[in-house]
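1. quick one, fold the following:
(2 chains)
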Amino acid sequence: MPNWLLLSLIYLGAAVIAVPLARFAGLGSIIGYLVAGIAIGPFGLKLVSDAQSMLHFAEFGVVLMLFLVGLELEPRRLWAMRRPIFGWGSFQLLGSTALMLALAVAAGVPWRLALVAALGLAMSSTAIGLAVLNERNLGSTTAGQGVLSVALLQDIAAIPILALVPLLGSGAHDGEAVDSWLEAARALGVIAIIVLGGRLLLRPTLRWIARSKTPEIFTAAALLLVVAIAALMQSVGLSMALGAFLAGVLLAESEYRRELETDLEPFKGLLLGLFFIAVGMSIDFRVVMQHPGLIVGLVAAFLMLKALLLRAMARAMAIPLAERSVFIVLLTQGGEFGFVVFQAASQGRVIDAETASLLVAVVALSMLLTPLLLLASDRWWAAHLQAHRKDTTAHRIEAPQSTPVIIAGWGRYGQIIGRLLFANGLSATVLDHSADQVEAARRFGWQVYYGDATRLDLLRVAGAGQAKVLVVAIDDVDQNLALVDLARQHFPQLSIVARARNARHWTQLYQRGVPFIERETLDSALMSGRSVLELLGVEPHRARTLAQRFRRHSVEQLVAMAPHMGDEQRLISLSKAGREQLEQLLAQERELAERTRGRSDGASGGEAPTA
Amino acid sequence: MSDILLLLAHPDLQHSRVHAALRAALQPESARAGARWALRDLYAQYPDYVIDVAAEQAALLQARLVVWLHPVHWYSMPPLLKLWLDEVFSYGWAYGPGGDRLAGKDLWLVVSTGGTEASYRPDGHNRFFIDAFWPPYEQTASLAGMRFLPPMVLHGAHRAAREEIDEHVAVLVDRLRTWPAWPEIADLMPCIQGVAPEGERPAAGSS
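-> Next comes the predicted model:
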């Protein structure tokens, strides 16, 4: 069997087995990939040996990921993030490095070694951080933006760090200074080419390719674009991921954004998976076995130091309490840049090979720990939040409010309700936990307050004791239900109007006795359904009647099913019976329609009607 | 169980005087256990015009007197009541073969008009006596086998004085309490359900 076929078989097989297992166990896909890597690696089944080259190849997954992250970020928004990136990003990197350096030197480690180790360990894993944000849909939260800012700065900082590391070596490097000036100029040149080319050439080129109407060539062009940029960046010693990110940002406003995204998404997912597998494979368990105590101590110490700094940052950056644990955990671990730094250092003979593989093992273990820490922090942090409802962050609602309506959640759903009220001269007190959302709303003159609506004291200040109606428009199901429970317990006079994500959430609200529940997509989908019926030749008013009937039936079904939630068998049979009932109803109608066809125009004064 | 069913149909109760007063007077009784009547506020119940036909027919079956309370709009009933009529008085249920579920019940119309009594005369701007607008209602009742009781009308509703409205409400409540012991009922002919040849009838369906 050819080698590539065998390797594909091993990698794909390991991923397909391990990842679903990890997900079912509630551990997330990254753990699955890492474990798969350990399993097939040199210290598992020994199916694959060359972890390093696979790691290099799979790094392209990280490049693709940053391209996609860039696509989501228009230049305007990136510009707005310049302060968190350079301010908080540098603070994290320099602060972590300084802390670790100080501790290591104090412990008697030679300063060169300590500096390299500190720099390498201060880097976080962009791959893990952004993949988790993606998996949990946290990209747009304050914590998500924070993680992205720090990760971006690390990508930028990797360039000078990698340039610096060989200089720490004992050997003299005459003439290098001149070279590095030249190199800096070339690097700037390449970035200029990417920015200018991206602005001027990329869109016309993509348009030309898209006009050829060959979808696979468009995909190929998308891949080529990223590969070319990566190659260009690497030729001048810059971070490939950074270049891809820049190109992504430049295309964020183009009409091809969605298409590029859908085309590259599967490549990114698979390569990123491969990357994590390679990380798992590259953990050198021989070194781990030799110095188990040292490694555990190092991992614990550096995670702790970084977490301490990140905790202080999270507080200063006003990251909402509920998101802080994610922010901290996603940036504490060592990352793929650490591997590169240690490799460079060992090549430049700043550290010996043994130490390098020890440090690599430390980084890889910390990456393996991240998803586990995240799970633990989810549990622990949630309980902690429950116990310490008294939060010190300032929410901007100061004077007690007294409007008849409180809207919790100023997203797509709550906004429509609020606008309807405001348009008719009614006012509402609006709460949202996203500072960005609040700021945007305030710019347009809405009275929106920042805060976590599931906090009792905040609800009090918002006037929940006097209000008549509480609109629960929060999209997160758990938060949504938590608020409903809180309101029912403490403010029984409030009529609750709730948004339901789906049928299951609807049932949970219904079982809590919420009188006004709407599934968020039902009515818009039914309107689209009407359009489809009309396009198929159904008369508009008839389509309306059919949609309304379907709607009523659907709600009746949910009510009938509510008591049996959790009983899968019973639900299936009920839903089947319901469908049959609706079909029967429609069949009866069709029959009646057949019988009376053509007579419906005969209605005249006094005679009975047809509908 | 009450045997009087009141159907209130006013599209904009917030700006109504007569019907808001009617609802205020009639609703508390309706909510009581063992009430003399049951009030259904159609526009409150079906703001989206999606009528629950089965529930409406079930309510009708309980009743012996059905009362329609509505303002006269364009010499007729408001659109939701008309839709209610179209859908609830269905073929084979209220009329046509086997359609005898309403037979023997009374139908009473209690309406208000914007125009004064004087305007409903050949020399007024409404040109006809108010009685001239009853035939469609009367024939509807007849086809369903219901007895059409003499309607009760409040003219000039926009300008009616508070006392006049109170008086109207009081009379209505008194009449509901004393039904069917009304002096004029003794003079009415017993009702006979109207029939029409099957072929000429547009059957109710949804085609």
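2. in stretch A:28-40, what's buried?
-> A:28-40 (16 or more other CB atoms under 10 Å in any protein chain shown). (Each C-beta comes from the backbone N, C-alpha and C, glycine too.)
3. in helices, which of the residues you listed appear?
-> Judged by DSSP state H, the subset of the buried residues of stretch A:28-40 located in helices is A:Ser29, A:Ile30, A:Ile31, A:Gly32, A:Tyr33, A:Leu34, A:Val35, A:Ala36, A:Gly37, A:Ile38, A:Ala39, A:Ile40.
4. hmm, the first one is touching A:Arg136, no?
-> What it means is A:Ser29. No: in this structure A:Ser29 lies outside contact range of A:Arg136 using CB atoms under 8 Å: 11.3 Å.
5. circling back to that earlier point, can you tell me which of the ones in helices among the buried residues of stretch A:28-40 lies nearest to chain B?
-> Nearest to chain B out of those is A:Ser29 (CB to the nearest CB; 44.5 Å).
6. helix/strand/coil for the closest residue to that closest one other than its chain neighbours?
-> Spatial nearest neighbour of A:Ser29, excluding adjacent residues (CB to CB, 6 or more residues apart in numbering or on different chains): A:Val19 at 5.0 Å. What DSSP: H, G, I helix; E, B strand; the rest coil gives for A:Val19 is helix.
7. now do the contacts for A:Val19.
-> Contact partners of A:Val19, counting by CB atoms under 8 Å, 6 or more residues apart in numbering or on different chains, are A:Ser29, A:Gly32, A:Tyr33, A:Ala36, A:Gly273.
8. A:Gln347 too?
-> A:Gln347 makes contact with A:Pro166 under the criterion CB under 8 Å, 6+ apart.
9. if you set the cut-off to 6 Å instead, what comes out?
-> With contacts defined as CB atoms under 6 Å, 6 or more residues apart in numbering or on different chains, A:Gln347 has no neighbours.
10. output the longest helix seen in chain B as PDB - backbone C-alpha positions only.
-> When chain B is parsed with DSSP H, its longest helix is helix B:162-178. What follows is helix B:162-178, C-alpha atoms only, in PDB (Å, rounded to 0.1, in the frame of the first residue of the first chain):
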ATOM      1  CA  ARG B 162     -73.400  59.000  29.500                       C
ATOM      2  CA  GLU B 163     -76.800  58.500  31.000                       C
ATOM      3  CA  GLU B 164     -78.200  57.400  27.700                       C
ATOM      4  CA  ILE B 165     -75.500  54.700  27.500                       C
ATOM      5  CA  ASP B 166     -76.000  53.600  31.100                       C
ATOM      6  CA  GLU B 167     -79.700  53.300  30.400                       C
ATOM      7  CA  HIS B 168     -79.000  51.200  27.300                       C
ATOM      8  CA  VAL B 169     -76.800  48.900  29.200                       C
ATOM      9  CA  ALA B 170     -79.300  48.600  32.100                       C
ATOM     10  CA  VAL B 171     -82.100  47.700  29.700                       C
ATOM     11  CA  LEU B 172     -79.900  45.100  28.000                       C
ATOM     12  CA  VAL B 173     -79.000  43.500  31.300                       C
ATOM     13  CA  ASP B 174     -82.600  43.500  32.400                       C
ATOM     14  CA  ARG B 175     -83.700  41.800  29.200                       C
ATOM     15  CA  LEU B 176     -81.000  39.200  29.400                       C
ATOM     16  CA  ARG B 177     -82.100  38.400  32.900                       C
ATOM     17  CA  THR B 178     -85.800  38.100  32.000                       C
END
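11. flag every buried residue along that helix.
-> Under the neighbour-count criterion of 16+ other CB under 10 Å, helix B:162-178 has B:Ile165, B:His168, B:Val169, B:Leu172, B:Val173, B:Leu176 buried.
12. could you do stretch A:520-529 as well?
-> Burial within stretch A:520-529, assessed by neighbour count using 16+ other CB under 10 Å, is assigned to A:Glu520, A:Leu522, A:Leu526.
13. how far away is the second one from chain B?
-> This means A:Leu522. Using CB to the nearest CB, to the nearest Å, A:Leu522 is found at 14 Å from chain B.
14. please enumerate the helices of the stretch 401-550 of chain A.
-> Assigned by DSSP state H, counting those that start in this stretch, the helices in the stretch 401-550 of chain A fall at A:412-423, A:435-443, A:456-461, A:477-490, A:503-511, A:522-535, A:540-561.
15. can you lay out these as TSV showing distance to A:Leu585 and mean pLDDT?
-> What follows is the helices of the stretch 401-550 of chain A, written out as TSV (distance: least, CB to CB, whole Å; pLDDT from 0 to 100):
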stretch	distance to A:Leu585	mean pLDDT
helix A:412-423	32	90
helix A:435-443	44	74
helix A:456-461	44	81
helix A:477-490	32	91
helix A:503-511	21	91
helix A:522-535	16	95
helix A:540-561	8	88
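16. which other helices and strands contact the longest helix of chain B?
-> Helix B:162-178 sits against helix B:18-31, with contacts defined as 3 or more CB pairs under 6 Å, 6 or more residues apart in numbering or on different chains; DSSP states H and E.
17. give me the distance between the helix or strand just after the helix it packs on and the centre of its chain.
-> Following helix B:18-31 in sequence order, the next helix or strand is strand B:37-41 (DSSP states H and E). Relative to its chain's centre, strand B:37-41 lies at 12 Å (CA atoms, centre = their mean, to the nearest Å).
18. which elements pack onto whichever helix or strand comes after strand B:37-41?
-> Counting by DSSP H and E, the element after strand B:37-41 in chain order, helix or strand, is helix B:42-45. Packing contacts for helix B:42-45, counted by 3+ CB pairs under 6 Å, 6+ apart, involve no helix or strand.
19. tell me the contacts of whatever residue of the stretch 401-550 of chain A ends up closest to chain B?
-> Nearest to chain B, among the residues of the stretch 401-550 of chain A, is A:Gln548, at 4.7 Å (CB to the nearest CB). A:Gln548 makes contact with B:Val50, according to CB under 6 Å, 6+ apart.
20. quick one, strands of the chain?
-> By default, I'm working from chain A. Taking DSSP state E, the strands of chain A run over residues A:405-408, A:429-432, A:448-450, A:469-472, A:495-500, A:516-519.
21. could you do chain B instead?
-> B:4-8, B:37-41, B:65-71, B:106-112, B:147-148, B:152-154.
22. and the most centrally placed residue in chain B, how far from A:Leu200?
-> What sits nearest the mean C-alpha location of chain B, by CA atoms, centre = their mean, is B:Trp68, with 1.7 Å. Separation of B:Trp68 from A:Leu200 (CB to CB, to the nearest Å) stands at 74 Å.
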